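Colleague: Sequence and predicted structure below; questions after.
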Number of protein chains: 2
Amino acid sequence: MDLVAGIDIGGTKTKLGLVNQSGACLLDMNFRTREYPDLEDFLDKTIQCVHELIEQCSTPVNLLGIGIGAPNASNTRGTIEYAPNLYWKGIVPLLDKLKQRMDVAMKVTNDANAAALGEMQFGNAKGMKDFIVITLGTGLGSGIVANGNIVYGFDGFAGEFGHFAMMPEDGRVDGLGVRGGLEAYVSATGLKRTIMHLISKYPHESRFRGVAFNDLHGEEITEAAEQNDPIALMAFEYTGKILGKALANFTLFSQPEAYFLAGGLANCGKWIFDPTQKYMDQHLLQMYKGKVKILPSGMTAKNAAISGAAALIWGER
Amino acid sequence: MDLVAGIDIGGTKTKLGLVNQSGACLLDMNFRTREYPDLEDFLDKTIQCVHELIEQCSTPVNLLGIGIGAPNASNTRGTIEYAPNLYWKGIVPLLDKLKQRMDVAMKVTNDANAAALGEMQFGNAKGMKDFIVITLGTGLGSGIVANGNIVYGFDGFAGEFGHFAMMPEDGRVDGLGVRGGLEAYVSATGLKRTIMHLISKYPHESRFRGVAFNDLHGEEITEAAEQNDPIALMAFEYTGKILGKALANFTLFSQPEAYFLAGGLANCGKWIFDPTQKYMDQHLLQMYKGKVKILPSGMTAKNAAISGAAALIWGER
């Protein structure tokens, strides 16, 4: 059976799986990225996992290649460069080193581009030529499709909306040190920061007055909003307002037909979608009004990143 | 001789010319757009000019088509929509009506996209696959090229950086009513507004204390800067700071290899290029540093818009 290995390298976990032509992930496994601070060990472990997956498969596997999604990855050079959430610093020659260990077709791109490829081939963006996937996890990632192709940029680092200085310079500082950077407000972490900000600013009662920042989780904030916790309600409104205005502005770049929201914060459903839509519509220029959709990702949450990475190889066939 | 008619429809003037395969404009003429408030009259005049140009040509002309650059134009529908600087309001079915008058291939896109096409085919962007042209005239326009193609967007309205809300909401209001919109600061008009702002804010001596807003011209501001007029020097620094920071942020979108500055304000040379470069470099993320150029347009100022519009047709051959 023809299969592609999809690998998603994240700051916390590395996920691997075997993906068929329909984008279904037949087998998967994962390990903790941080247990392999030495790059060579990490690469050995990764290739070992690919072999294990192939052995576990009930039918003989014809491996067509390996697609990889990773933060700060350059598709043109096959590298990971200056990724703030990974141990390996500077420029990591990922593909060169992996190819020394296994001789198959390999491609890498950043995780949000992989999500966009997955959405186009297997998800809710089938048939669309101009759309943007926004991944709302620890940070905010973006994968841009224009004229039916991923926008990679001059050397592979296009689509980094998370670090757009949307907010004033005296605002929050994001993971790369950008003052007023979007992901400091709009991401799972941003939502937690907003809860703390609102507790500092307003006197309203809230269950979150008894929770430390490190113990806060997105699901809990959704639950609190459903129970009318005023701080939780305000936090979603605040987040949606910033994201909605940002999406209205980003429309000036590539006029996408739709934005797809994916990742942890997108799982909060109407609490994030509704205010985002409201404020985007409010800020869109006349010529865009009624033409830009905000949609949920069509990739099943669990293996979206793996299938998206595999789309790098399937898309070439 | 095979030629293409290039037409640039502007708020003040409409320029027409016959352009050869090398982008040279062999013959040109222009008329005042505002003298034709009735759309049908304007279209008649336009086609009449095309015929006159053909007749004036010393050798027989084989007209391959007409390429048109216009504000707020949709390439997919052949329309001009809600252009704030034109008389004809709402949606203008430009190509449908022109084709009733002359049966040749016709294409339209916004003027900044036409400038980008011209730059790619005839100017300084030859061989580049990812670049952005910024036109700095009455307003600020942008034409984005990614993967070697113009980014038109879902229905033709991509590339409207001029209305990006880069500045705070209590800042200047731009021509489309956007609060903090970029073109209210960075354009020929924006520079004039900045002169007035600085005169209101600082006590420094300046020749501009004796000049009314309506009498101010860009060349005069350049001349004043060369004579060390403190308000003129501060105005260029202020403008370059905002544009430089904006370009650093826009790099997060499509990571262009270069920005080309074109139009009236770009003619101020080092006064605008130097601070823009300085502040862009200061705000670029690590992974982009040293990789993004700011370059002058390679199109001769006079007929850039005509040759760019003609590139719409030449590019298809």
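Modeller: Yes, it's here. Numbering: from 1, shown residues only, chains lettered A, B, ... in the order given.
Colleague: what's the helix or strand for the spatially most central residue of chain A?
Modeller: Compute the mean C-alpha point of chain A, and by Cα atoms, centre = their mean the closest residue is residue A:135, 3.3 Å away. Taking DSSP states H and E as the criterion, residue A:135 maps to strand A:131-136.
Colleague: secondary structure class for the residue of the stretch 101-250 of chain A at minimum distance from chain B?
Modeller: Residue of the stretch 101-250 of chain A nearest chain B, by Cβ to the nearest Cβ: residue A:153 (2.6 Å). Where C-beta positions appear, they are placed from N, C-alpha and C, glycine not excepted. What DSSP: H, G, I helix; E, B strand; the rest coil gives for residue A:153 is coil.
Colleague: I'd guessed it sits against residue B:130; true?
Modeller: Yes: between residue A:153 and residue B:130 a contact is recorded at 5.6 Å, counting by Cβ atoms under 8 Å.
Colleague: Quickly note the distance from whichever residue of the stretch 201-317 of chain A sits closest to chain B to residue A:280.
Modeller: Relative to chain B, the nearest point of the stretch 201-317 of chain A is residue A:255 (2.6 Å; Cβ to the nearest Cβ). As judged by Cβ to Cβ, to the nearest Å, residue A:255 and residue A:280 stand 13 Å apart.
Colleague: where do the contact lists of these two overlap?
Modeller: residue A:292 (Cβ atoms under 8 Å, 6 or more residues apart in numbering or on different chains).
Colleague: What count of nearby residues applies to the residue of the stretch 201-317 of chain A closest to chain B?
Modeller: Residue neighbour count, defined by other Cβ atoms under 10 Å in any protein chain shown, stands at 23 for residue A:255.
Colleague: Now do the same contact list for it.
Modeller: Per Cβ under 8 Å, 6+ apart, neighbours of residue A:255: A:130, A:288, A:291, A:292, B:152, B:153, B:154, B:155, B:156, B:157, B:158.
Colleague: Who are the contact partners of the second one?
Modeller: Residue A:288 makes contact with A:248, A:251, A:255, B:157, according to Cβ under 8 Å, 6+ apart.
Colleague: before we move on, the earlier item: list the contacts of the strand holding residue A:135.
Modeller: Strand A:131-136 is contacted by residues A:111-112, A:115-116, A:119-120, A:125, A:140-145, A:161, A:186-188, A:243, A:247, A:250, A:254, A:256-266, A:272, A:297 when judged by Cβ under 8 Å, 6+ apart.
Colleague: repeat that with 7 Å
Modeller: A:111-112, A:115-116, A:119, A:125, A:140-145, A:186-188, A:256-266 (Cβ atoms under 7 Å, 6 or more residues apart in numbering or on different chains).
Colleague: In the following helix or strand past that strand, which residues are buried?
Modeller: Once the chain leaves strand A:131-136, the next helix or strand it forms, by DSSP H and E, is strand A:140-146. Buried residues in strand A:140-146, defined by neighbour count with 16 or more other Cβ atoms under 10 Å in any protein chain shown: A:140, A:141, A:142, A:143, A:144, A:145, A:146.
Colleague: so what's the third one up against?
Modeller: Same thing as residue A:142. A:112, A:132, A:133, A:134, A:159, A:160, A:161.
Colleague: repeat for the fifth one
Modeller: Going by Cβ under 7 Å, 6+ apart, residue A:144 touches A:116, A:132, A:151, A:158, A:159, A:254.
Colleague: hmm, try it at 8 Å
Modeller: Contacts of residue A:144 (Cβ under 8 Å, 6+ apart): A:116, A:132, A:150, A:151, A:158, A:159, A:253, A:254, A:256, B:253, B:254.
Colleague: Same check on the second one?
Modeller: Taking Cβ under 8 Å, 6+ apart as the definition of contact, the neighbours of residue A:141 are A:71, A:110, A:111, A:112, A:115, A:134, A:135, A:159, A:160, A:161, A:162, A:263.
Colleague: Output those residues in JSON lines; the columns should cover secondary structure.
Modeller: Shown next, in JSON lines, are those (three-state DSSP):
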{"residue": "A:71", "secondary structure": "coil"}
{"residue": "A:110", "secondary structure": "strand"}
{"residue": "A:111", "secondary structure": "helix"}
{"residue": "A:112", "secondary structure": "helix"}
{"residue": "A:115", "secondary structure": "helix"}
{"residue": "A:134", "secondary structure": "strand"}
{"residue": "A:135", "secondary structure": "strand"}
{"residue": "A:159", "secondary structure": "coil"}
{"residue": "A:160", "secondary structure": "coil"}
{"residue": "A:161", "secondary structure": "helix"}
{"residue": "A:162", "secondary structure": "helix"}
{"residue": "A:263", "secondary structure": "coil"}
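Colleague: Could you export these as JSON lines, including distance to residue A:4 and pLDDT?
Modeller: Below are those laid out as JSON lines (distance: Cβ to Cβ, whole Å; pLDDT from 0 to 100):
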{"residue": "A:71", "distance to residue A:4": "21", "pLDDT": "89"}
{"residue": "A:110", "distance to residue A:4": "18", "pLDDT": "91"}
{"residue": "A:111", "distance to residue A:4": "17", "pLDDT": "90"}
{"residue": "A:112", "distance to residue A:4": "19", "pLDDT": "93"}
{"residue": "A:115", "distance to residue A:4": "16", "pLDDT": "94"}
{"residue": "A:134", "distance to residue A:4": "25", "pLDDT": "97"}
{"residue": "A:135", "distance to residue A:4": "21", "pLDDT": "94"}
{"residue": "A:159", "distance to residue A:4": "22", "pLDDT": "95"}
{"residue": "A:160", "distance to residue A:4": "26", "pLDDT": "94"}
{"residue": "A:161", "distance to residue A:4": "28", "pLDDT": "96"}
{"residue": "A:162", "distance to residue A:4": "28", "pLDDT": "95"}
{"residue": "A:263", "distance to residue A:4": "22", "pLDDT": "89"}
